[in-house]
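**Q** Turn this into a model:
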Amino acid sequence: MRGLTVLVATSDPVRFRAALSTAAATAALGGRARVFLHEDAVVLLQASADPDAARLTAAGLPSRADLIAIARESGVELLVCQSGLALTGLSMAELPAGTAAGGLVSLLATLSEDRLLAF
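**A** Numbers count the residues shown, from 1 in each chain. Have a look, this model is predicted:
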């Protein structure tokens, strides 16, 4: 199966959930799956930035932190934009373990046969 690289271009939590879910489904089917958070989207990896956690949990859905953990356990690679780290003032220590930093050039250079999807 061809892999999937998902580029998350905004800090919209609904789009991020869709990106993580799509990547996790790809990984479950045996494909390589990567999610790249561009610029302001980097803040979505902060567990503390999930104001909808209680509502999601009450509806039987995983919180953002839980969905990130599920995606990571499924083999989804999480990548953050180096510029995004600078823009948001975040450090790698504030992001989930296993998250890697890079840029669009390195992302595209390693795209290989992956499909590229932007949210």
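**Q** next SSE after the longest helix belonging to the chain?
**A** What stands out as the longest helix in the chain, according to DSSP state H, is helix 13-28. Counting by DSSP states H and E, the element after helix 13-28 in chain order, helix or strand, is strand 33-37.
**Q** Compute the distance from the centre of that next one to the centre of its chain.
**A** Relative to its parent chain, strand 33-37 has a centroid offset of 5 Å by Cα atoms, centre = their mean, to the nearest Å.
**Q** For that strand, which strands pair with it and how are they oriented?
**A** For strand 33-37, the paired strands and their directions (DSSP bridges) are strand 4-8 (parallel), strand 77-81 (parallel).
**Q** How about the contacts made by the residue most central in space within the chain?
**A** In the chain, the residue lying closest to the centroid (Cα atoms, centre = their mean) is Val35, at 4.2 Å. Val35 is in contact with Thr5, Val6, Val8, Ala19, Leu20, Ala23, Ala71, Val76, Glu77, Leu78, Leu79, counting by Cβ atoms under 8 Å, 6 or more residues apart in numbering. C-beta coordinates here come from the backbone N, C-alpha and C atoms, glycine included.
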